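Peer 1: dropping the sequence and predicted coords here.
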Amino acid sequence: METLEQIKARAEAAVPGAILGILLNSSPSAQHSLVVDNEHALAVAGFLRDDPQLRLDYLSNATGVDWLDREVKESNITRQVVDGVERDIEVTSVRVVPGYLEAVYHLYSMELRHGPVILRLRTGNRSDLVQIPSLTPLWRGAEFQEREIYDLYGIQFTGHPDLRRILMWDGFEDHPMRKDYVDPDDFEYEPTPHDEVLERAARHYPTTK
């Protein structure tokens, strides 16, 4: 199979205007990823599926990732006068990089027996800009997996044929796989509470005198 750099270059040529990046993976698996902008995500994914040299016809799995806001320290050297002498002074500032949600797709070719190519789509933030296009129109196997990501992370997949909760019940608030998710204090729905769950659930049991 081609290198990820070659796939990126051919995808950019096939889909004018597409913005693609390569996210490196430093783990032993070294499974690097393609990050694609949402506007061109469907077109790029269609290229990956239909290109004769790739034929990535099988979506093995899709999962979500929650990236919290993070602080980045930046240092700059400025010229200042100190005690009448001009000196180079290092000034450190802190910049907040907004967090976002991410859907990660692992693609293989059953026909050509190669893969994976890992494709990543990102939301604008973690609050109101949480829409990315659904890839279900290209790989039907994405349908239930995107529903799970929607349920647990809160990503809104535009164009999904049946976007609704799949694990949590209707009316459940929030998304349990978010890194800042707080467990509810009421565990009355727990059929057999134990350990810490039992201790917390006991706060809601009626007291007897």
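Peer 2: Cool, the structure landed.
Peer 1: Ile118 and Arg140: what is the separation?
Peer 2: Ile118 is 19 Å from Arg140, where distance means C-beta to C-beta, to the nearest Å. No exception for glycine: its C-beta is placed from N, CA and C like everyone else's.
Peer 1: of these two, which one has the most company?
Peer 2: With other C-beta atoms under 10 Å as the criterion, Ile118 and Arg140 differ in neighbour count, and Ile118 comes out ahead with 17 against 11.
Peer 1: that one belongs to a strand, doesn't it?
Peer 2: Yes - Ile118 sits within a strand when classified using DSSP: H, G, I helix; E, B strand; the rest coil.
Peer 1: mind listing the residues bridging to the closest residue in space to it that isn't next to it in sequence?
Peer 2: Nearest residue to Ile118 in three dimensions, chain neighbours excluded: Ser33, at 4.1 Å (C-beta to C-beta, 6 or more residues apart in numbering). Beta-bridge partners of Ser33, counted by DSSP bridges, are Leu23, Ile118.
Peer 1: so Ser33 touches Asn25, yeah?
Peer 2: Yes - with contacts counted by C-beta atoms under 8 Å, Ser33 reaches Asn25, the gap being 6.9 Å.
Peer 1: these two: which has the busier surroundings?
Peer 2: Remark: of Ser33 and Asn25, Ser33 carries more neighbours, 20 against 12, as counted by other C-beta under 10 Å.
Peer 1: how close does the residue most central in space within the chain get to Asp66?
Peer 2: In the chain, the residue lying closest to the centroid (C-alpha atoms, centre = their mean) is Glu102, at 1.4 Å. Using C-beta to C-beta, Glu102 is found at 8 Å from Asp66.
Peer 1: coming back round to it: residues in contact with the residue nearest to Ile118?
Peer 2: Ile22, Leu23, Asn25, Val104, Ile118, Leu119, Arg120 (C-beta atoms under 8 Å, 6 or more residues apart in numbering).
Peer 1: turn these into CSV, including pLDDT and distance to Ala13.
Peer 2: CSV is the format used below for these (pLDDT from 0 to 100; distance: C-beta to C-beta, whole Å):
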residue, pLDDT, distance to Ala13
Ile22, 97, 16
Leu23, 96, 21
Asn25, 92, 25
Val104, 98, 24
Ile118, 98, 20
Leu119, 98, 17
Arg120, 98, 20
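Peer 1: so which bits of stretch 124-139 are buried?
Peer 2: Arg126, Val130, Ile132, Pro133, Ser134, Leu135, Thr136, Leu138, Trp139 (16 or more other C-beta atoms under 10 Å).
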